[in-house]
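>>> just need the structure, nothing else, for what follows:
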Amino acid sequence: MAFKNISLAFARCLSSLQPRFRLNWELPHANLRVVVDGLAGALVIGVVAATPVAAQDKPNSVGLGVFTFTSGPAAAYGMPGKNAADLVIDEINAKGGIGGVPVTATFVDEAQGAQGVIAEYRRLAGDTKNQVMVAALSSATCLALAPIAEQLEVPTVGWNCDTHQLLMDGKSKYVFRPNGNTVPEFIAYAIYLLDRKPDVKTVAIINPDYAFGHDAAKIFTAALKALKPDIEIVAELYPKLGSPNYQTEISRLTTARPDVVFSNLWGADLENFVRQATPRGLFTSSQVVLALGETVLQRVPLPDGVIVGVLGDGWWMSPDAEANPETVKFAEAYKSRFGEYPVFPSIKMANALIYVKAAYDAAMQKNGGKWPTRAELAAAMKGSKVATLTGITQTRADNDGLVDQIVGVTVKTSAQPFPVIGDMVRYKGDSLMPQAGQDPLAWISTLKPEFAKSLPKPGSYKIGER
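All right, here's what the predicted structure looks like:
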């Protein structure tokens, strides 16, 4: 045992001297090849290692700590993430695991609060078999765990973690977010709205009363003001997260009669709001924008023309997704197992796990097939490009992900018993992001109407076309 520990320590020491490995999407050299491993999905580029991994170097299992909401109102968003994790991990294991090692997950319920989540993170990180944490859903959880991840030097992949504040200092070595953030997500809605409704004059906002809600309002408002300075915000409402009743807020919205109502309510909150607002005519008196609206399409009836999206590219019926056999397979397997099609939290989780597997594959190819250390896994994530179920995730130098944004409107179709997203547009991820290290709100304030004119228009991303 002592000799093994010395050997591992020596290997880690040597690994620290290695240059950081970057995945590249296009490489001209004939001795390099691209491998896409189906649903397990990782885009891995490089010389395939010929050296087998010594059996004693491999753990018995690849442990992942997966943080999501499995109870409480937020479980309406968190459980689709857990379901996707179960499905993808089963698929990875059915194909031989990672480097021949089966993957196991320990799920941590974020509903227990920050202290409990932090304690669980530290406990899981203390077990060396848990080399990567997939954490988390809540922005608050991510902000609380980020400094601990850096302190303990544990690669931590934010499978959701929308807040743009997470990686703003550009100093993170171990925290990665492959699924985008609030800046491109909510700029996308402002651009789509103004393309679809250029004469809008008044806007009301109803968002949850915590960082995600307030950040989204600031970004969406700043983008609207930059692109159309005469727009007036006539109401900003911030109900408490988990509110069961929105009648007071709906009364204020219907009285104000704004041209547009924007909301990033989510989970059970969004379902309750839609059910209560529909009979009171809110969806007919105003153009409604539901930033997380795709998550309720299968659960509550929405009229045609509601602007919805997926906070990224995670729409399982997008042209790129439908053209990918592995995505079609994933959607059908999810429906068969869980009774409904995946929603974008499911896709985000699946893509995050694909991203993790890509890091393992790349790190092992980099070091001659030997089992990677945590530092080597983090190095493999740095600057990587990974093919996911719905597109390409590119990791910037600040560890933030560049992910395309899909936005559209609700439409009825004979193909499904629920509304789907039509009149879609797909904005390239880098087009809606400031440079690393640049203040996002300051950058948004510099946008001009000409900026939006250079971007694709609603309906340009059609079903059945690549």
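>>> for residue 113, grab the count of nearby residues.
Per other C-beta atoms under 10 Å, the neighbour tally for residue 113 reads 12. The way it works is simple: take the backbone N, C-alpha and C, and place the C-beta from them, glycine included.
>>> now it. Its backbone dihedrals?
Backbone torsions of residue 113, given as degrees, to the nearest 10, read phi 100, psi 170.
>>> tell me the contacts of residue 99?
Counting by C-beta atoms under 8 Å, 6 or more residues apart in numbering, residue 99 makes contact with 53, 58, 360, 361, 364, 369, 371.
>>> the fourth one is in what secondary structure piece?
What that stands for is residue 361. helix 344-366 (DSSP states H and E).
>>> how about the contacts made by the nearest residue in space to residue 138 that is not next to it in sequence?
Closest residue to residue 138 apart from its sequence neighbours, by C-beta to C-beta, 6 or more residues apart in numbering: residue 110 at 5.4 Å. Residues near residue 110 by C-beta under 8 Å, 6+ apart: 67, 68, 69, 74, 78, 117, 136, 137, 138, 141.
>>> my guess is residue 189 contacts residue 407, does it?
Yes - with contact defined as C-beta atoms under 8 Å, residue 189 reaches residue 407; the gap is 6.3 Å.
>>> quickly list what's touching both of those two.
Jointly contacting residue 189 and residue 407 under the rule C-beta under 8 Å, 6+ apart are 307, 309.
>>> quick check: residue 216 touching residue 182?
Yes - Residue 216 is within contact range of residue 182, at 5.8 Å (criterion: C-beta under 8 Å).
>>> picking up where we left off before, for the helix holding residue 361, the distance to its chain's centre please.
Helix 344-366 has its C-alpha centroid displaced from the chain centroid by 12 Å (C-alpha atoms, centre = their mean, to the nearest Å).
>>> for it, packing partners?
strand 43-46, strand 62-68, helix 75-94, strand 130-134, strand 156-157, helix 374-381, strand 385-387 (3 or more C-beta pairs under 8 Å, 6 or more residues apart in numbering; DSSP states H and E).
>>> buried residues of it, list them for me.
344-366 (16 or more other C-beta atoms under 10 Å).
>>> and what of stretch 102-109?
For stretch 102-109, by 16+ other C-beta under 10 Å, it's 103, 105, 107, 108, 109.
>>> and the fourth one, what is it in contact with?
Residues in contact with residue 108, defined by C-beta under 8 Å, 6+ apart, are 65, 66, 67, 68, 117, 120, 121, 124, 135.
>>> do residue 413 as well
419, 420, 422.
>>> where does the stretch 1-150 of the chain dip in pLDDT?
Residue ranges of the stretch 1-150 of the chain with pLDDT under 70: 1-56.
>>> just the closest of the contacts of residue 110 to residue 396, please.
residue 136 (20.5 Å; C-beta to C-beta).
>>> which non-adjacent residue is nearest the closest one?
Residue 136 sits nearest to residue 67 (C-beta to C-beta, 6+ apart), 3.8 Å away.
>>> distance check, that neighbour against residue 256.
Using C-beta to C-beta, to the nearest Å, residue 67 is found at 38 Å from residue 256.
>>> so the two - more neighbours on which side?
Using other C-beta under 10 Å as the criterion, residue 67 and residue 256 rank with residue 67 on top: 30 against 16.
>>> so which residue is dead centre in this protein?
With distances taken as C-alpha atoms, centre = their mean, residue 179 lies nearest the centre of the chain, 3.3 Å away.
>>> which residues does it contact?
Contacts of residue 179 by C-beta under 8 Å, 6+ apart are 158-161, 311-312, 314, 348, 351-352, 393, 401, 403.
>>> which SS class is it?
Using DSSP: H, G, I helix; E, B strand; the rest coil, the structure places residue 179 in coil.
>>> re the thing from before, for ChimeraX, what selects the buried ones among the contacts of residue 413?
A single ChimeraX command selects the buried members of those (16+ other C-beta under 10 Å):
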select :419,420,422
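>>> ok, the contacts of residue 413 vs residue 453, which is closest?
For the contacts of residue 413, the minimum distance to residue 453 (C-beta to C-beta) is 22.7 Å, reached by residue 422.
>>> my guess is the closest one is in a strand, correct?
Yes - secondary structure of residue 422 (three-state DSSP): part of a strand.
>>> tell me how far the closest residue in space to it that isn't next to it in sequence lies from residue 130.
Take residue 422 and drop its neighbours on the chain: the residue closest to it by C-beta to C-beta, 6+ apart is residue 411, 3.5 Å away. Distance of residue 411 to residue 130, computed by C-beta to C-beta: 44 Å.
>>> the more surrounded of those two?
Shown here are residue 411 and residue 130; by other C-beta under 10 Å, residue 130 has more neighbours (22 against 14).
>>> is it true that that one touches residue 66?
No - in this structure, residue 130 is not within contact of residue 66 by C-beta under 8 Å, at 10.3 Å.
>>> now do the shared contacts for those two.
Shared contacts of residue 130 and residue 66 (C-beta under 8 Å, 6+ apart): residue 106.
>>> could you pull out the helices for the stretch 251-400 of the chain?
Assigned by DSSP state H, counting those that start in this stretch, the helices in the stretch 251-400 of the chain fall at 267-277, 282-285, 319-322, 325-338, 344-366, 374-381.
>>> can you check which of these gets nearest to residue 212?
Of the helices of the stretch 251-400 of the chain, nearest to residue 212 by C-beta to C-beta is helix 267-277, at 11.3 Å.
>>> residue 435: how many residues sit nearby?
10.
>>> with residue 247 instead?
10.
>>> quickly note the distance from residue 103 to residue 90.
9 Å.
>>> if you could redo that for residue 314, that was the one I meant.
Applying C-beta to C-beta to residue 314 and residue 90 gives a distance of 20 Å.
>>> show me which of those two is the more surrounded one.
Using other C-beta under 10 Å, the more surrounded residue of residue 314 and residue 90 is residue 314, with 29 against 14.
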